[in-house]
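Student: Sequence and predicted structure are below.
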Amino acid sequence: MTLKMNKYAKIGFSGLLVSFLGALPLGTLNITAFDIAASQSLVSAIWFAIAVVLVELIVVRLTLFGNEKLELGEKLSYYLIPFGILLLLYLAVGSFMASSQISEVGSRINLLPKISSAFLLGFLLSALNPLHIPFWMTWNKVLASKGILETSKKSYSLYILGIGIGSLMGLGVFIFAGKYIFSNYKSYSMLTNLLMGLLYLGFSIYLMFLLVKKRLKFKTQ
């Protein structure tokens with residue numbers, strides 16, 4: 001009984017550790033969580049994080065199902081990338097417009113409506129992130145090959161629970177930093193909007209590179 005409990009605890013802890021460490025490198029999701037906490041409110045940032053994690057858990061369950069019965073991964077991420085590029089470009093343009101000096105004199109034209117719902121923004125950014133699938137398919141295989149992750153409902157449930165807690169903890173680090181450490185957001189709003197725009201633009205260019213790479217790969221196949 002104790003051996004089984006230790007094994008299940010190891011599964012949950014493995015999911016928690018992988019997701020927590022995976023949420024720490026700078027990316028669109030954690031930096032956006034930081035920005036929302038700094039510019040809007042703690043509640044909005046939490047709703048953003050909940051949406052991000054909700055989508056991630058759905059993706060994890062699909063990849064677990066995919067490991068057993070479906071060939072997901074490459075093809076699915078191939079179709080997600082163009083939508084992810086469009087969303088990131090949309091957010092980049094919106095951030096650049098928000099950082100423009102023109103807005104201060106009231107002559108700015110709102111060409112792009114802002115996504116006001118933090119939950120919706122988190123859902124879209126997470127759902128259109130093509131890196132979720134290869135990341136979790138790789139870790140699923142690694143943990144399964146090491147005998148940690150078993151093919152059972154209880155094992156999967158604890159694994160997904162650990163992932164959810166770990167991702168929330170990882171995003172929580174950035175939310176805490178945005179809310180309680182970076183306290184002078186208004187003074188630097190122009191700079192932060194510019195940096196957010198550059199971040200979104202940079203990731204959209206990276207996704208364009210991935211898309212071209214995948215297209216060439218499919219053509220050669």
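Tutor: That came through fine. Residues are numbered from 1 along each chain as shown.
Student: Let me see the contact set for residue 127.
Tutor: Listed by Cβ atoms under 8 Å, 6 or more residues apart in numbering, the contact set of residue 127 reads 55, 80. Glycine gets a C-beta too; all of them are placed from N, C-alpha and C.
Student: what's the answer for residue 155, then?
Tutor: Residues near residue 155 by Cβ under 8 Å, 6+ apart: 8, 11, 149.
Student: List the buried residues of the helix or strand hosting the first one.
Tutor: Residue 8 is part of helix 2-22 when elements are defined by DSSP states H and E. When neighbours are counted by 16 or more other Cβ atoms under 10 Å, the buried residues of helix 2-22 are found to be 8, 10, 11, 12, 13, 14, 15, 16, 18, 19, 20, 22.
Student: Output the below-cut-off pLDDT ranges for this structure.
Tutor: 1-5, 66-77, 100-113, 183-188, 216-221 (pLDDT under 70).
Student: the longest helix in it is where?
Tutor: When the chain is parsed with DSSP state H, its longest helix is helix 189-220.
Student: Who are the packing partners of that one?
Tutor: Where contact means 3 or more Cβ pairs under 8 Å, 6 or more residues apart in numbering; DSSP states H and E, helix 189-220 is packed against helix 28-39, helix 74-98.
Student: buried sites along the helix or strand just after the last one?
Tutor: Same thing as helix 74-98. As assigned by DSSP H and E, the chain's next helix or strand after helix 74-98 is helix 118-127. Residues of helix 118-127 classed as buried: 118, 119, 121, 122, 123, 124, 125, 126, 127 (neighbour count, 16+ other Cβ under 10 Å).
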